[in-house]
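S.K.: Everything below, folded, please.
(chains A and B)
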There are 2 protein chains.
Amino acid sequence: MGNHRTNHRTNQATGLLIELSEDGGSLYERLTSGIRAAIAEGRLAPGHLLPPSRALAAELACSRWVVNEAYTQLAAEGRLQTRQGSGTRVTSHPALHTPTRTTRTTTTRSTAVREPDRAPASPPPVVADLRPGTPDVAAFPAGGWTRSLHHVLTSADGEPSVFPPAAGAGRLREVVAAYLSRVRGLTVEADDVLITCGTSHGVALVARVLAARGVPHLAVEDPGWPRLHQVAAAAGLTTVPVAVDAEGLDVEALRQTDVRAVLCAPAHQFPTGTALSPARRRALLAWAEECDSVIVEDDYDAEFRYDRRPVGALAGLDRSRVVYLGSVSKTLHPGLRLGWMVPPPTLRQALLHALDSSAAGPSTLDQLTFARLADTGGYDRHLRRVRKAYRARRDALVTALDHHDVIRDSGRPVQGIAAGLHLLVPLPSGLDDRTIAEHLAVRGIATAALSGYATRPHPPALVIGYGRLAPSRAQWAAEQIAEVVGDELKASSTDQRATNEHHPHVSRALYDPRS
Amino acid sequence: MGNHRTNHRTNQATGLLIELSEDGGSLYERLTSGIRAAIAEGRLAPGHLLPPSRALAAELACSRWVVNEAYTQLAAEGRLQTRQGSGTRVTSHPALHTPTRTTRTTTTRSTAVREPDRAPASPPPVVADLRPGTPDVAAFPAGGWTRSLHHVLTSADGEPSVFPPAAGAGRLREVVAAYLSRVRGLTVEADDVLITCGTSHGVALVARVLAARGVPHLAVEDPGWPRLHQVAAAAGLTTVPVAVDAEGLDVEALRQTDVRAVLCAPAHQFPTGTALSPARRRALLAWAEECDSVIVEDDYDAEFRYDRRPVGALAGLDRSRVVYLGSVSKTLHPGLRLGWMVPPPTLRQALLHALDSSAAGPSTLDQLTFARLADTGGYDRHLRRVRKAYRARRDALVTALDHHDVIRDSGRPVQGIAAGLHLLVPLPSGLDDRTIAEHLAVRGIATAALSGYATRPHPPALVIGYGRLAPSRAQWAAEQIAEVVGDELKASSTDQRATNEHHPHVSRALYDPRS
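M.R.: Model prediction:
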């Protein structure tokens, strides 16, 4: 706070230290600045729960309105996440809190962030969440779900939901088996299906079984979805990253690892968006056969394919070596934590035991509610409806991005448009995708950098989830991205000149086009 | 099938071998007998899923009605469980399938079971499920729950339910913290609470953390709830049974084991129904302090106390060594799989990590729905309502049992009446409680034998859950129990005479009253 006089106030309930400058500005402005400073200086860490507005208002002897307005402003800036029912937290988006280049970030903040004392009356910018991996939960079929639940709760026999078999409610397993046979080309019966809390629960169980059998390593896609890698690692497996190219997982590279288990998403690889090519599918199954290996198939985003017929599940070609994992996280709601697993017959008993021993699983009321929703056609209707909506969102965003030279001129096409809920947007080479994501976050737009999902160097790209981006806002989003990229290109060339003046040798080596 | 000609039919889908006698009776009767025989002979094991009636009817080239009628009859006999939505299974109640005395059982069956050819038109007897551990799910507040869910799904911000913190939805943790402070004397904040899939999930997580820290053993109550012991064992701990007496867990015996972790239910021990006495509570906490040990508190049935004020949670006296576990399984619905854990501060990080790594947890929609139900007072109203109903059920059953000499004359009182949803009903000494439970099961009355929960010898007793026994049927249930006990006493004295004639020396030793 420099030479300003400050008033240190500690909230007793949370130990939150807020510095309120005593000169200049309304209490609202000083509180907003104080919290902003606490975040910038790391005194409020990402994920930290702020005190309820009531408590903080009492502490500061001010009206709740002041606290609520400050929280709203900081949420609009992307610094806080105010979520009804779960309080207000410091946003966990790393780009906001771990600037990679301190000087530039500082400069950017002072210009890009709407300081309350500069524009106290302006409406806060709308925050757009374009992070991948999240469907449009506003499209959740609330009516169909509650009607199905009501049926489950009031139907003649309340018993089936009390103590279901460890494998999951029989009716749900029948529904899932029928769905997989019909939609994913995986012909199975109810007894082949185990109900889980979702794909990551499935990976945790498989990893535990493999670790118990002495399997030390699990090959994973690089780039890939880190949560699944963390879960496998926590269960005792060492993950071995294997490259992904335009055809999907590099099976030749996998073959050279000597690893005997692999986790992959053949339907729609995250985040590259590629589908495993037919040749690679055959090669992967052949590898599993020759090396007596296990393939863990994350059937990610399989339900959303727009331009060609869906590719069947890998497990549909050869069940004997594939553990199939699916869920409703992308199709209905990630919060439901409802998924399933179809293990090879040889692993069924071990996985059922692991599931039973985990003593965890989805509510049997939810299991039967989903079964009822599917039975009555509500799930299929929902899928048709959202598939159409997502396709429109994808088209709008792809078209909007194509209007901007800085995106188009990267020399690489927008990737992953055939399926799923996200795009891989290439950035001009030489840019750091984390920095771009960071600058977008400062504007209140949450995205993800490809680097965040990869262990080896990749051309820079943003991973943009469009599931929640209305077509009418696609142009605005594309403009924001293009602006930030354009600014960064200019800053980068200024940096380049500055660097060349001071360290000509180092910079020449770093920027040698042949390297 | 003796000298009858039989027609062996194998169901292709399930490999189910059913022998259909070719002479005598309708197809319905022959099918019923065939399945009954398959169960008796162990070809159909407890828990085995029977083929859907459609499939079996197609296999046998008969109408579905025939198969459905056979299943209904066998369900009425307690041999099958037909549960809408989860298929038909061989009942897992061990008493039906593992006769301890083959000859007597055969006799009993031929007289007690309603054979279809004897009374083909009579309505099947009503099956009463008096197994402990299950609340009256018919009392589930369906209206309040669906209204709360509707609120969660339609309130302004759908976001909070998408990606909650690993510890669980913030709003639910606030609600649970407030509830524990108010009702269980455990003053904690939201951040102290972790949301789990229930008590067994909590035990699995604690066991995993303890095992990872090199703790080899977990002391458990004997008798106790076997599911929790299995879960702990599956996580790598060896369970060490410690006796329970009228004051609860024998802390002196625990002290002699050298074990450094114990799982117990101080509020209402299962199945003895005792509450840990104040002296024992102090002794247990002193033991933990002296031996640097961990107490895992299963706050079982704490919500249902009828005759005196509830005892606060052990964790409320000393949080530093107690992992507190609670759930809604007994208060709302076991199918919800929603529970919580309050670890000591020193174990919080490890348990949060274990929870996160398990990649399992209840639906965040359910978490917020329960929070809303509690916030709106619906949960408290429900608890008051069911507490009153359960008290009436308990009173009716205790009164009814007291009318029967064979129960009253056992010389021991009915135990565990002060709290919970079950009673321990003493049986005359010399009887085998498993045999009694078995005979009751043949009458369609499912109960549990104390021996099934104990590793060391105990005076015989039945564990009777009254949560689902309407007061109007208490007298009938008591009569059934008294009848079976009376019959068994007579048979036992006949056996005694027969045994004395054949093996006078052996039997005298076995029945020596001084032994």
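S.K.: use CA for all of it now, contacts and neighbours both
M.R.: Noted.
S.K.: Helix or strand: which one has residue A:352?
M.R.: Taking DSSP states H and E as the definition, residue A:352 sits inside helix A:345-358.
S.K.: for that helix, the distance to its chain's centre please.
M.R.: Taking the mean of its C-alpha atoms, helix A:345-358 sits 28 Å from the chain's own mean (C-alpha atoms, centre = their mean, to the nearest Å).
S.K.: and for that helix, what are the contacting residues?
M.R.: Under the criterion C-alpha atoms under 8 Å, 6 or more residues apart in numbering or on different chains, residues A:166-167, A:192, A:194, A:196, A:205-206, A:208-209, A:319-320, A:343, B:201, B:204, B:230-231, B:234-235, B:358 lie in contact with helix A:345-358.
S.K.: Report the backbone C-alpha coordinates of that helix in CSV.
M.R.: Provided in CSV are the C-alpha atoms of helix A:345-358 (Å, rounded to 0.1, in the frame of the first residue of the first chain):
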residue,chain,number,x,y,z
PRO,A,345,-14.6,-61.3,-18.1
THR,A,346,-11.2,-62.2,-16.7
LEU,A,347,-11.1,-58.9,-14.6
ARG,A,348,-14.7,-58.8,-13.6
GLN,A,349,-14.4,-60.5,-10.3
ALA,A,350,-11.4,-58.5,-9.2
LEU,A,351,-13.0,-55.2,-10.2
LEU,A,352,-16.3,-56.1,-8.5
HIS,A,353,-14.3,-56.8,-5.4
ALA,A,354,-12.4,-53.5,-5.7
LEU,A,355,-15.7,-51.7,-6.2
ASP,A,356,-17.3,-53.4,-3.2
SER,A,357,-14.2,-52.7,-1.1
SER,A,358,-14.2,-49.0,-2.1
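S.K.: I'd like the next helix or strand past it.
M.R.: helix A:364-375.
S.K.: any idea how far that following helix is from the chain center?
M.R.: A distance of 26 Å separates the centroid of the chain from that of helix A:364-375, by C-alpha atoms, centre = their mean.
S.K.: relative to helix A:364-375, how tilted is the helix or strand following it?
M.R.: Where DSSP H and E defines the elements, the next helix or strand beyond helix A:364-375 is helix A:378-402. With axes from the mean of the first three to the mean of the last three C-alpha atoms, to 10 degrees defining the directions, helix A:378-402 sits at 80 degrees from helix A:364-375.
S.K.: Got the confidence number for residue A:76?
M.R.: In this prediction, residue A:76 carries a pLDDT score of 59.
S.K.: Touching stretch A:482-495 from outside, list them.
M.R.: A:404, A:406, A:407, A:427, A:431, A:436, A:439, A:440.
S.K.: List the contacts of the nearest residue to the fifth one once chain neighbours are set aside.
M.R.: If the residues on either side of it in the chain are set aside, residue A:431 comes closest to residue A:460, at 6.5 Å by C-alpha to C-alpha, 6 or more residues apart in numbering or on different chains. Taking C-alpha under 8 Å, 6+ apart as the criterion, residue A:460 is in contact with A:426, A:427, A:428, A:429, A:430, A:431, A:432, A:433, A:449, A:450, A:451.
S.K.: rerun at 7 Å
M.R.: Residue A:460 sits next to A:426, A:427, A:429, A:431, A:432, A:433, A:450 when contact means C-alpha atoms under 7 Å, 6 or more residues apart in numbering or on different chains.
S.K.: Looking at chain A, which residue is nearest chain B?
M.R.: Nearest residue of chain A to chain B, counting by C-alpha to the nearest C-alpha: residue A:170, 3.6 Å away.
S.K.: Just the pLDDT at the residue positioned nearest the centre of chain A, thanks.
M.R.: In chain A, the centroid-proximal residue (C-alpha atoms, centre = their mean) is residue A:133; its distance is 3.6 Å. If you check residue A:133, the pLDDT there is 82.
S.K.: Could you do residue A:33 as well?
M.R.: Looking at residue A:33, its pLDDT is 77.
S.K.: What distance do you get for it to residue A:51?
M.R.: When distance is defined by C-alpha to C-alpha, to the nearest Å, residue A:33 is 17 Å away from residue A:51.
S.K.: Looking at these two now, which is surrounded by more residues?
M.R.: Set residue A:33 next to residue A:51 and count neighbours by other C-alpha atoms under 10 Å in any protein chain shown: residue A:33 wins out with 22 against 19.
S.K.: tell me which element that one falls in.
M.R.: Taking DSSP H and E as the criterion, residue A:33 maps to helix A:27-40.
S.K.: Now that helix - C-alpha only, CSV.
M.R.: What follows is helix A:27-40 as a C-alpha-only set of coordinates in CSV (Å, rounded to 0.1, in the frame of the first residue of the first chain):
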residue,chain,number,x,y,z
LEU,A,27,-15.5,1.5,1.7
TYR,A,28,-16.6,-0.6,-1.3
GLU,A,29,-13.6,0.5,-3.3
ARG,A,30,-11.2,0.1,-0.4
LEU,A,31,-12.5,-3.4,0.4
THR,A,32,-12.3,-4.4,-3.3
SER,A,33,-8.7,-3.2,-3.5
GLY,A,34,-7.8,-4.8,-0.2
ILE,A,35,-9.1,-8.3,-1.3
ARG,A,36,-7.5,-7.9,-4.7
ALA,A,37,-4.1,-7.1,-3.0
ALA,A,38,-4.5,-10.1,-0.7
ILE,A,39,-5.0,-12.3,-3.7
ALA,A,40,-2.1,-10.8,-5.6
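S.K.: could you point out which element follows the helix-or-strand element of chain A with minimal mean pLDDT?
M.R.: Lowest by mean pLDDT, DSSP states H and E among the helices and strands of chain A is helix A:102-112, with a mean of 28. Going down the chain from helix A:102-112, the next helix or strand is strand A:128-129, by DSSP H and E.
S.K.: Cheers, nothing more for now.
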